[in-house]
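Visitor: Based on what follows, work out the 3D shape:
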Amino acid sequence: MVQFGCVNWSAGVLATAAPVCEPTGAMQPSMFNPAGAPAETILSITWLLVVICGAIAIVMFALIAYAAIRCRQTKGNDREPAQVYGSNPIELAWTVIPLLIVFLLFMVSARGIFDLQRSTPPDGALEVTVTGHRWWWEFDYGDLGVVTAGELHVPIDDGKPADLFLTLHSADVNHSFWVPQLGGKMDVIPNHTNYLWLQSNRTGTFVGQCAEYCGNQHANMLITVIVEPRADFEAWVANQQRDAVESDAVKAGHDIFLSTACINCHTVRGTVANGTFAPDLTHIMSRTTIGSGVVRNTPDMLREWVWDPQNIKPGCDMPSMKLTRDEVDLVCAYLETLK
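Guide: Numbers count the residues shown, from 1 in each chain. Below is the predicted model of the structure:
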């Protein structure tokens, strides 16, 4: 199970080694607490495998114990037990029984894979294109005109499960998309398209993880899925569709941001910033975390991230812009208006 923690700051210096930070209200990413049909199917197959393997282990240990007791040497008896060479019933049993077990597991697994692996979305599913980057996730909602990062919002209606259908791409190396409570995991491969069906039968925040080693910050590449009532989702979409709002109160920070190389990588709609190499910042303050789950999105953490991201997420592509602390404060005051 993925372990979560938070970082502590003292005088602007990172005091611990930047573990991932669990979003507020998020559920532990355990496959043993499924929230939808795909995850329930996977769990049922898992329990079947555990029961069969457990039964085999019990039988084998019982036979070993019986042989050890039955054939043990007793005091004053040095006679060797009778040696039996070959037994057609036993040989038939240890051939047929494993074949039947393998056949059962194959049929159950094949049926589960057939049910879960889809190349077309279920009726009414929300369709999102996911792009894996080192080390963050990009979510494109297509016709809704929303592109965001790190957090995936999904609507749910009363009494009806929320279906989510993902089209998966990689911008660089192999990744793997996995939200244990909502479904199986699917590899994200460069120059190849994969698909994944997830489902939730309740509201909540579900945490996932990149499940394919993709570099030194692989463990800090979290996925946050927020399943919310449709009215809340529609309000979120409406907000995400808006361009950034200009404010004279933060013009100094706005001007510094637009004068740096930040605009070559990031987009802020409504400004000249139109980079596509890094997350869209148009509504950065609507997200609960920074750096794909590395730290919570608070004013203090945002300032430390802008000051030098390498202190928080070593090896990430974002460099320190060598701003002064006063300039960082001005830039972050501007970013805090992007809600």
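
Visitor: And the strands in the stretch 1-150 of the chain?
Guide: Secondary structure of the stretch 1-150 of the chain (DSSP state E, counting those that start in this stretch): strands at 9-10, 13-14, 26-27, 126-133, 136-140, 147-149.

Visitor: The fourth one - what's its average pLDDT?
Guide: Think strand 126-133. Mean pLDDT, computed over strand 126-133, is 96.

Visitor: repeat for the fifth one
Guide: Per-residue pLDDT values across strand 136-140 average out to 95.

Visitor: tell me the angle of it relative to strand 126-133?
Guide: Relative orientation of strand 136-140 versus strand 126-133 (axes from the mean of the first three to the mean of the last three C-alpha atoms, to 10 degrees): 150 degrees.

Visitor: mind listing what strand 136-140 pairs with, with the direction of each?
Guide: Here strand 136-140 has these sheet partners by DSSP bridges: strand 126-133 (antiparallel), strand 147-149 (antiparallel).

Visitor: Let me have those strands in JSON lines, adding distance to residue 310 and mean neighbour count as columns.
Guide: No exception for glycine: its C-beta is placed from N, CA and C like everyone else's. Converted to JSON lines, the strands paired with strand 136-140 look like this (distance: least, C-beta to C-beta, whole Å; neighbours: other C-beta atoms under 10 Å):
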{"stretch": "strand 126-133", "distance to residue 310": "17", "mean neighbour count": "20"}
{"stretch": "strand 147-149", "distance to residue 310": "19", "mean neighbour count": "20"}
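
Visitor: all helices for the stretch 151-300 of the chain, in order.
Guide: 230-240, 251-259, 262-265, 299-307 (DSSP state H, counting those that start in this stretch).

Visitor: which of those is buried the deepest?
Guide: helix 299-307 (a mean of 19; mean count of other C-beta atoms under 10 Å).

Visitor: How far away from the center of its chain is that helix?
Guide: Chain-centre distance of helix 299-307: 24 Å, with C-alpha atoms, centre = their mean, to the nearest Å.

Visitor: Could you pull up the mean pLDDT of that helix?
Guide: Rounded mean pLDDT across helix 299-307 is 93.

Visitor: Extract the residue ranges of the stretch 201-339 of the chain that are flagged as low pLDDT.
Guide: Within the stretch 201-339 of the chain, not a single segment meets pLDDT under 70.

Visitor: could you redo the last one with a cut-off of 90?
Guide: Under the criterion pLDDT under 90, the flagged ranges of the stretch 201-339 of the chain are 216, 244-250, 260-263, 270, 273-277, 291-295, 315-322, 339.

Visitor: before we move on, the earlier item: now distance to residue 73 too, for the strands of the stretch 1-150 of the chain, in JSON lines please.
Guide: Listed next are the strands of the stretch 1-150 of the chain as JSON lines, based on distance: least, C-beta to C-beta, whole Å:
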{"stretch": "strand 9-10", "distance to residue 73": "68"}
{"stretch": "strand 13-14", "distance to residue 73": "65"}
{"stretch": "strand 26-27", "distance to residue 73": "57"}
{"stretch": "strand 126-133", "distance to residue 73": "62"}
{"stretch": "strand 136-140", "distance to residue 73": "64"}
{"stretch": "strand 147-149", "distance to residue 73": "70"}
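
Visitor: quick one: which of those is nearest residue 299?
Guide: strand 9-10 (11.6 Å; C-beta to C-beta).

Visitor: Residue 301 and residue 295 touch, don't they?
Guide: Yes: in this structure, residue 301 is within contact of residue 295 by C-beta atoms under 8 Å, at 4.5 Å.
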